[in-house]
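Enquirer: Sequence plus predicted model, see below.
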Amino acid sequence: MSQPTPLLTRDASLQALNTFGLPARAAWFTAIETPAQLAALIAWPELKRLQRFVLGGGSNLVLAGDFDGLVLHVRLTGRALIAEDADAWFVRAGAGENWHDFVSWTLECGWPGLENLALIPGTVGAAPVQNIGAYGLEMAERFHTLEAVDLETGETVVLDRAACQFGYRDSVFKREAAGRSLITAVTFQLPKHWRPITGYADVARELEAPGIIQPTAREVADAVIALRLRKLPDPAHIGNAGSFFKNPRIDAQAFQNLVARYPDLPHYPQPDGTVKLAAGWLIERCGWKGKTLGPVGVYERQALVLVNRGGARGEDVLRLARAIQASVRATFGVELEPEPVILGA
Ligand code: NAP
């Protein structure tokens, strides 16, 4: 196979590129650091023939096995205020920028709006793929547009919110556009008439403790950071991919049946009439919190997070995930759906 200008590596290890620390190899690998490298890659005739996977921070990924295709690791950087109007600042960042560093920078610049999403691992380019969310805010609410390259046609496209089809921890990039669209930059619309989002009990408590009544965006970010540091494992020390399951939504009748059996069931009614349940609570009630199955386990402080206790492989993670799903199904009759992308199964 002929080589394009940007150097491709054959048979590359992906272990250091996923926060779970799972071992897996890619048949082909390339890192994209500049637009020129991307252009050269697009001009490479073999590109269309290969199966492709676009990798950001690898923080929402389970490598279930080796990948017989090309992994494109996006490392495009740069961040700038590109426009403003009476209502918003428009801030653009390269897809390879670290998400938390970007959030911190916007706050330092005096542009609030992303503070509830502080400390989420991963890159700016991965944020729309998963439509990251935390503490009552989804990225889609601050999103303006993104730039992407269609790896089939080589065209650069600008996509707005509707085109991205954002849903709960979901977008078109997890479905039809997976492996086809490579996000190069994202522009956010940060509100000038900002109000803090402090409706989640944990955030409210964290702010109340030091007596903060009208928090600044920085204070909300600090509360979120303190909470996340307390409850979630740091991937630098304990391999994990954040929340492993989506919070399930069930219909009103199913909810009535369940709450009659479990009166303390945490629940959050949704605008569409369904009821959101807390997956972590269901898993904990099935006795999984802190449990170990081979080299993987359920984190002691947060039952929604599966962790690599050392030497785990993708199949170990999936075995534990299936066991948890079976327990929750048998106990509550509720299906849990994994949140991370599973590659190479
Ligand atoms: P928690 O406070 O233990 O609550 C459990 C679940 O209940 C949350 O996932 C949340 O759903 C829901 N919830 C709590 N208060 C709510 C409210 N006032 N209104 C609507 N829903 C409410 O949650 P946690 O596990 O510590 O997580 C805190 C936040 O960080 C959550 O938003 C969570 O999604 C986010 N987070 C995301 C990841 C990830 O990898 N994606 C990892 C860690 C934390 P929602 O998930 O819909 O918010």
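Expert: Okay, I see it.

Enquirer: Now Ala226: which helix or strand?
Expert: helix 217-231 (DSSP states H and E).

Enquirer: got a list of contacts for that helix?
Expert: Contacts to helix 217-231, defined as Cβ atoms under 8 Å, 6 or more residues apart in numbering, come from residues 103-104, 107, 112-113, 115-119, 134-135, 194, 196-198, 202-203, 206-207, 212, 215, 301-302. From N, CA and C alone the C-beta is placed, and that goes for glycine too.

Enquirer: Now, those residues that are in helices?
Expert: Counting by DSSP state H, these place 103-104, 107, 202-203, 206-207 in helices.

Enquirer: Pretty sure Ala126 sits against Trp99.
Expert: Yes. With contact defined as Cβ atoms under 8 Å, Ala126 counts as touching Trp99 (7.4 Å).

Enquirer: shared neighbours, the two?
Expert: Joint contacts of Ala126 and Trp99 (Cβ under 8 Å, 6+ apart) are 57, 132.

Enquirer: Kindly calculate the angle that the helix holding Ala226 makes with helix 201-208.
Expert: If you take axes from the mean of the first three to the mean of the last three Cα atoms, to 10 degrees, helix 217-231 sits at 120 degrees to helix 201-208.

Enquirer: for helix 217-231, what is the average pLDDT?
Expert: Mean pLDDT, helix 217-231: 97.

Enquirer: re earlier: what about the ones in helices among the contacts of helix 217-231, which one has the most neighbours?
Expert: Sorting those by how many neighbours each has (other Cβ atoms under 10 Å) puts Val103 first, at 25 neighbours.

Enquirer: If I look at the closest residue to Arg161 other than its chain neighbours, what pLDDT would I see?
Expert: Spatial nearest neighbour of Arg161, excluding adjacent residues (Cβ to Cβ, 6 or more residues apart in numbering): Phe143 at 5.7 Å. In this model, Phe143 is scored at 98, pLDDT.

Enquirer: Phe143 and Gln189 touch, don't they?
Expert: Yes. Between Phe143 and Gln189 there is a contact at 7.1 Å, judged by Cβ under 8 Å.

Enquirer: Name whatever forms a beta bridge with Thr156.
Expert: Assessed by DSSP bridges, Thr156 has beta-bridge partners Val149.

Enquirer: Look up how far the ligand lies from it.
Expert: Using Cβ to the nearest ligand atom, to the nearest Å, Thr156 is found at 29 Å from the ligand.

Enquirer: Tally up the residues packed near that residue, please.
Expert: Count around Thr156 with other Cβ under 10 Å applied: 15.

Enquirer: I'd like to know if stretch 243-255 reaches the ligand anywhere along the stretch.
Expert: Yes. Counting by Cβ under 6 Å from any ligand atom, the ligand is contacted by stretch 243-255 at 243, 247.

Enquirer: quick one on the thing from earlier: how close does the residue nearest to Arg161 sit to Val129?
Expert: Distance of Phe143 to Val129, given as Cβ to Cβ, to the nearest Å: 12 Å.
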